[in-house]
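Trainee: Generate a structure from the sequence data that follows.
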Amino acid sequence: MSKSSNISASQSHSRLGDFAQLVKMKLTMMVVFTSMIGYLIATGGIVHWTTMIYLLSGGFMITCAANALNQVLEKDFDLLMLRTAARPLPGNRMSISDAVIFAGLMCIVGLFLLALINPLTALLGAMSFVLYAFVYTPMKRISPISVLIGAIPGALPAAIGFVAHDGVFSTMAIILFSIQFIWQMPHFWAIGWLAFDDYKKAGYRLLPNMDKGRSAEIGKQSFIYTLLLIPVSLGPWYYGFLNGWVTALVLVTCLFYVWKAWKFYKLNNRESARSLLFASLYYLPTAFIVLLIGSL
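Mentor: Numbering: from 1, shown residues only. The predicted structure follows:
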């Protein structure tokens, strides 16, 4: 292989890496995963492949679009933070116009694919995009309430997956939405505690009592939200969707998350924040997989 071919391959790999950063690929794949689980819970594990392909492709594209536009709007602030300064836009490896065009095309195609499933699925996808890019993103520098606003589009994927089956925002869709909504606060505040200095430097007001530094209030709020997951986790059993043993398994995963949040509240240190963050990353997929198994 010639030297020029090696350079071309390296540049191509670099561009792919930049686009993966632009769309926050790990976060995007989590969204795709939860929407797939929501759909499979609704169908009892029966896959209608056309609907599944439209759902996963459309959801992937809309999430990519929202994340890309988020980085366009936050380019100057990302440059101020150590954890985001190397992203493609603040690093000047990608132009704003390219990112905007990419986001626009992905959004249009993604919404078209979701509309092929049913109107409500497309509407929820559009609402998720608008809330994340145009409400949550600017609110981050104004008030900690932005976290609650951002949790709405963050909680919609599993519900969208469920709605893709029959076009109705049913009780189980609400329960899935509630689990994913509540889960996000301890998850995000653990990240916020660890990246506190970066957020403060960039002027983001994302944490409870941020003016008081890394206060125990962050852990307290995290603990309270994990407690709220307990009654929500009982919802599928109460409404007859799950039997007792599956509900018990869901509660076990929930109580583990509660325990890690309690330790974060009491210790208020880096180790407990990291522990809560990792617990949150295990909790959501584990709880959803258990729910899926119970629905089969």
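
Trainee: Any regions of the protein where pLDDT drops low?
Mentor: 1-13 (pLDDT under 70).

Trainee: The same query, at a cut-off of 50, please.
Mentor: Flagging of the chain using pLDDT under 50 yields the residue ranges 1-10, 12.

Trainee: Spatially central residue for it, please.
Mentor: The residue lying closest to the centre of the chain (Cα atoms, centre = their mean) is residue 154, at 4.4 Å.

Trainee: residues contacting that one?
Mentor: The neighbourhood of residue 154, defined by Cβ atoms under 8 Å, 6 or more residues apart in numbering, consists of 132, 180, 181, 184. Backbone N, C-alpha and C define where each C-beta goes, glycine included.

Trainee: again with residue 190
Mentor: 222, 264, 273, 274, 276, 277, 280.

Trainee: so which pair among those is furthest apart in space?
Mentor: 222 and 274 (13.1 Å; Cβ to Cβ).

Trainee: The two: which has the busier surroundings?
Mentor: Just comparing residue 222 and residue 274: by other Cβ atoms under 10 Å the higher neighbour count belongs to residue 222, 29 against 15.

Trainee: Figure out the helix or strand that the residue lying closest to that one once chain neighbours are set aside lives in.
Mentor: Of all residues not flanking residue 222 in the chain, residue 186 sits nearest, at 3.9 Å (Cβ to Cβ, 6 or more residues apart in numbering). Here residue 186, judged by DSSP states H and E, is contained in helix 171-194.

Trainee: Report the buried residues of that helix.
Mentor: Residues of helix 171-194 classed as buried: 172-173, 175-194 (neighbour count, 16 or more other Cβ atoms under 10 Å).

Trainee: I'd like the next helix or strand past that helix.
Mentor: Following helix 171-194 toward the C-terminus (DSSP H and E): helix 196-202.

Trainee: Buried residues of that next one, list them for me.
Mentor: 196, 198, 199, 200, 202.

Trainee: so who does the second one touch?
Mentor: With contact set as Cβ under 8 Å, 6+ apart, residue 198 has these partners: 80, 81, 82, 83, 84.

Trainee: Look at the last one and tell me its secondary structure.
Mentor: Under DSSP: H, G, I helix; E, B strand; the rest coil, residue 84 falls in the coil class.

Trainee: from the contacts of residue 190, which would you call buried?
Mentor: If we count by 16+ other Cβ under 10 Å, these have these buried: 222, 264, 273, 276, 277, 280.

Trainee: how many degrees apart are the helix or strand containing the fifth one and helix 171-194 in direction?
Mentor: When you say that, I think you mean residue 277. Assessed by DSSP H and E, residue 277 sits inside helix 270-295. Relative orientation of helix 270-295 and helix 171-194, computed by axes from the mean of the first three to the mean of the last three Cα atoms, to 10 degrees: 170 degrees.
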